[in-house]
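Asks: What follows is a predicted protein model with its sequence.
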Amino acid sequence: MSEKQLDKNFDFKAAEARLYEAWESAGAFKPAGEGEPYTIVIPPPNVTGSLHMGHALNNTLQDILCRFERMRGKSVLWQPGTDHAGIATQMVVERQMMEHQEPRRTEIGREAFVEKVWKWRHESGGTIINQLKRLGASCDWSRERFTMGEDGSADDQMVKAVMKVFVDLYNEGLIYRDKRLVNWDPKFETAISDLEVENREVDGHMWHFKYPLAGGATYEYVEKDEDGNVTLRETRDYISIATTRPETMLGDGAVAVHPSDERYAPIVGKLCEIPVGPKEHRRLIPIITDDYPDPDFGSGAVKITGAHDFNDYQVAKRGDIPMYRLMDMKGAMRDDGAPYAEEAAKAKALVEKGGTPDTSYVDGINLVPDEYRGLDRFEARKRVIADIDAEGLMIEVEDKKIMQPFGDRSGVVIEPMITDQWYVDAKTLAKPAIEAVETGKTKFVPENWTKTYYQWMNNIEPWCVSRQLWWGHRIPAWYGLGVDEDGQYDDGKPNRFLTNRRLETFCAESFKDAKRQAKDRYAKFGAGFVIADKEVGSAQAALDNAVLDGEDDGKNHVFLWRDPDVLDTWFSSGLWPFSTLGWPDETPELKKHYPTSVLVTAFDIIFFWVARMMMLGLYTQKKAPFPEVYIHGLVVDENGQKMSKSKGNGVDPLELIDQFGADALRFTLAAQAAQGRNVRISEPRVEGYRNFSTKLWNAARFAEMNECKPDPTFDPKKATLTLNKWIVHEANQCAAEVTREIEAYRFNDAASANYKFIWNVFCDWYLELAKPVFMGDDEAAKKETRAAAAWALDRILQLLHPFMPFVTEEIWGSFAEREALMVSQWPSFDVALKNEDAATEMNWVIDLISGVRSVRQEMNVPVAAKIPLILVGGTKEDAEKLKRHDDVLKRLARLSEISTADAAPKGAVQVVHAGAVAALPVADFIDIAAEKARLVKEKDKTEKEVAGIDKKLANKNFVDKAPKEVVEAQHTRRANFVEQLEKLDAALARLADL
RNA sequence: GGGCGCAUAGCUCAGGGGUAGAGCGCUACCUUGACAUGGUAGAGGUCCGUGGUUCGAAACCACGUGCGCCCA
């Protein structure tokens, strides 16, 4: 036999790694058997990440489901992998380069940098995977995937999937390039999506400035109260404007007031002056009406800077107001273009011309006065304020809480900018995704998240998917120079912000395809176009090369260059449920495991990830990626604060694993994962569940010491001892409960069902009750009880395994040479194992012992003293029960002998128990007054119960309307209480005799 | 402004139309042969407030109060 004597404690440190290795090398994590497929794709952690509590919770729950379903015979695939995490990874590697004092990213160039990131990924990108293993995650690691593919090889499935989806969406018009206002991150110098912007309330200011009316015009400014009484009347030569961002005044295109605002009616349509910049070139802008300004907010008049504010952008679009860009990629004031005087003249001419302004042309105009050029935007703000103030045009400064947008990764203030970006038509893709939830094809658990999902999906904006980064899936689009009407290249200079509009775009999965497209496209412009085989790096290179080659043969040489941008990380994560399974190929895995069975995730990425998987899954596979989405809470610290790096309140799951074992951490997380609640982690709690695993360990040790071994000849249906019938019954009930609760994603209830059964039933009672059997000499009883104990322990190990895989597997293996616990068959509920009679009888025994113990303590009977028990007024069955459980009662209630009698002896403490009285003659210890007080107290309590029931029963409405069973139950309860009262009265009477 | 959630024992939280629960903490006793990472017994609750529905509400509904989160 391989069994070894168990040590006093479970040495989780040594066992965890050994057991994990054994499972993995046995291939136990791979989908096996012919069972129904069960599939979960892991929410891929960032490759830069290390395991935090949120991962620990998320993966514990997934592992519970996977281990559970695997034991239930399903063919389980838990698909693991990591996310390339565009910005985060680029940031990490850049920081590392800086620490090593290596040349910067821009110095070494794109290719070398990307190579460095790959190197980093191979060397350091596996941290979190190893940490997941320590948690016990039973992922099929042989199928591990990375959202970027391996080494970016174009042949890689992940890359193919991304390219195909992009090109397909493009060809259907669902991906397009557009000039819109985006959230620009001046630190990373990239656009980011709305979701990556964090709006925070910060202390700010609201500046009120005078915008003088053109030509010194004046008007009568009248303010009225609610009743129409005039409260202010004065002549003004200005309009008062309030702003939180004075530096953007330089780009104002208009001042807007609400159409119903009578105060400004006299000056609508007139011009006013932006009170900043060189006096002789002050720009004049029109006062217009729009529904956007709120007459009750500030002065009611709003400056419109279409290029740097999302609300203003809408107003500007509606009113054909030019949007002047003021800043560069780093968020500094522009210093390109001609001197201010010239640029301002351009703007003036533009306004005079009227009509819809040309966005590219307007973008080329730099309206930053010469003295502000090149300044950081916040420095420029100070200067603008000071200059206006010096001129006496500042009315007031208010301290004010303002909402400010920050980049969630960079932490810097986001600058709205008009740029060219790629957008996904999310509105169109959202339709089937909404429908899938409406029709119940995909359900949220708990279901209240459905509303959150709808709200987001119904108001979804175009998804900006291009990022100006180097690390990521490069956008599969190539450009060629545009061709003028005269067949010549457009010589407009493309720039970062606004690509020349006459560029030709070829969206293709490869350069080869792009070339093919280019050949057809350019043929339309004339016969003299030759498509070069060489890809170039930029528009400028394309032009230079074309000119050079053209000199030789007089032909138009077309050089293509690829879009330098990469895709939003979430674009590739959105394909995860099928890209990991081999799509776009029709693999057997895809066929078997898509759609997946359930998605387990936290609510903070419903929008980022769940919504996108729904959209892209339905788009590519025509089926929703999962029928259920289980949303768990966040892990918060002991004060209920969200754990975060910046707050420094994170608890490291690995430290807890080191200290208390992975099982303890897992159980803690599961036990607290109540639906709709955050999980609060605290060390004492983890410690408590470590104690629980020790408890189980010692129960197993006890079983081992008493030679309880799995006995194949033991049939739980045929147990003869009440004790064993009862534990079979209880284990069966526990199996039913744990199964039901896991199925319903009520992990906390499943955990607590296990906890209660193991500790409060099996350890506290069954093992205690079994001790007299093990110590007695009834060999048959001993044999059966050993087998029953082993059987029950096996059920326990199985039911607990998904929660505490390590300790359970270790115990399982120590009892017999057999197949691993993790691949054993789940104990399902078996109606044939039910035995209510046995349960009733054992509860009778347990209650009697508890009752005796209770009075012993109250009467201060010394623990060591063994006292006799006389049951008074019991039935014949009671007498038989006493006899059957004689050993147990004596041992656990510390009794010397047990007998029955018609009347209680004098000087006895009396315990009312199930219609009888257990008399304990403890004359030596008894304190008559105390005993009397105890009985009176109990009597009072019982009388109150009876009174409550009587009140209910006296209520005609209750008797008539309540369900019959409920009324009957009350009658039964009353009868029991009354019987108890009689016994108590008798006991008190006997006490009086003393 | 819109949405979601929470309020139950000292603390952290389950639960849920008829009988108030757990863990930790606290008190007393116990090193009894699996376990002191343990055992036994106990104290501790106007289930936030006000109305409503109901025979019956701590639970369901409405409103209020306080707190938290998400979106704008």
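Replies: Sure thing, it's come through. Residues are numbered from 1 along each chain as shown, chains lettered A, B, ... in the order given.

Asks: what's around the closest residue in space to A:A518 that isn't next to it in sequence, how many residues?
Replies: Nearest non-adjacent residue to A:A518, counting by Cβ to Cβ, 6 or more residues apart in numbering: A:I531, 5.0 Å away. All C-beta atoms are positioned from the backbone trio N, CA, C, and that covers glycine. Number of residues near A:I531 (other Cβ atoms under 10 Å) recorded here: 20.

Asks: Can you name the residues that contact A:I531?
Replies: A:515, A:518-519, A:522, A:558, A:560 (Cβ atoms under 8 Å, 6 or more residues apart in numbering).

Asks: ok so it is a strand residue?
Replies: Yes - judged by DSSP: H, G, I helix; E, B strand; the rest coil, A:I531 forms part of a strand.

Asks: Please, where are all the strands along the stretch 201-350 of chain A?
Replies: Under the criterion DSSP state E, counting those that start in this stretch, the stretch 201-350 of chain A contains strands at A:219-224, A:230-236, A:238-243, A:254-257, A:271-273, A:284-289, A:301-304.

Asks: With respect to A:S597, which of these lies nearest?
Replies: Of all those, it is strand A:301-304 that lies closest to A:S597, at 51.9 Å by Cβ to Cβ.

Asks: Which strand residues bridge the residue nearest to the spatial centre of chain A?
Replies: Centroid-nearest residue in chain A: A:A602, 1.6 Å away (criterion: Cα atoms, centre = their mean). A:A602 forms beta bridges with A:H632, as assigned by DSSP bridges.

Asks: Buried residues in stretch A:870-882, which are they?
Replies: A:870-874, A:878, A:881-882 (16 or more other Cβ atoms under 10 Å).

Asks: can you give me the mean pLDDT across that stretch?
Replies: Across stretch A:870-882, the average pLDDT comes to 90.

Asks: now could you export just the CA positions of that stretch as PDB?
Replies: C-alpha atoms of stretch A:870-882 as PDB (Å, rounded to 0.1, in the frame of the first residue of the first chain):
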ATOM      1  CA  ILE A 870     -33.400   8.900  34.300                       C
ATOM      2  CA  LEU A 871     -35.800   9.400  31.500                       C
ATOM      3  CA  VAL A 872     -39.300  10.100  32.900                       C
ATOM      4  CA  GLY A 873     -42.500   9.900  31.000                       C
ATOM      5  CA  GLY A 874     -40.900   8.600  27.800                       C
ATOM      6  CA  THR A 875     -42.400   6.200  25.400                       C
ATOM      7  CA  LYS A 876     -41.400   2.600  24.800                       C
ATOM      8  CA  GLU A 877     -39.600   3.700  21.600                       C
ATOM      9  CA  ASP A 878     -37.700   6.300  23.700                       C
ATOM     10  CA  ALA A 879     -36.500   3.500  26.000                       C
ATOM     11  CA  GLU A 880     -35.400   1.500  23.000                       C
ATOM     12  CA  LYS A 881     -33.500   4.500  21.600                       C
ATOM     13  CA  LEU A 882     -31.800   5.000  25.000                       C
END
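
Asks: the domain parsing of chain A - what is it?
Replies: Per the record, chain A has its domains at A:204-402, A:479-564, A:683-834, A:859-993, by automatic domain parsing.

Asks: Please work out the average pLDDT along the longest one.
Replies: Looking back up the chat, that one is domain A:204-402. In the prediction, domain A:204-402 has an average pLDDT of 84.

Asks: Quick check: A:A670 touching A:R746?
Replies: No - using Cβ atoms under 8 Å, A:A670 is not in contact with A:R746, being 10.2 Å away.

Asks: Provide a list of residues in contact with the one residue in the stretch 51-200 of chain A that gets nearest to RNA strand B.
Replies: Per Cβ to the nearest atom of the strand, A:D194 is where the stretch 51-200 of chain A lies closest to RNA strand B, at 5.0 Å. Residues near A:D194 by Cβ under 8 Å, 6+ apart: A:183, A:461, A:464.

Asks: Highest neighbour count among these?
Replies: A:C464 (22 neighbours).

Asks: list the contacts for that one?
Replies: Residues near A:C464 by Cβ under 8 Å, 6+ apart: A:180, A:182-183, A:191-194, A:421-423, A:568.
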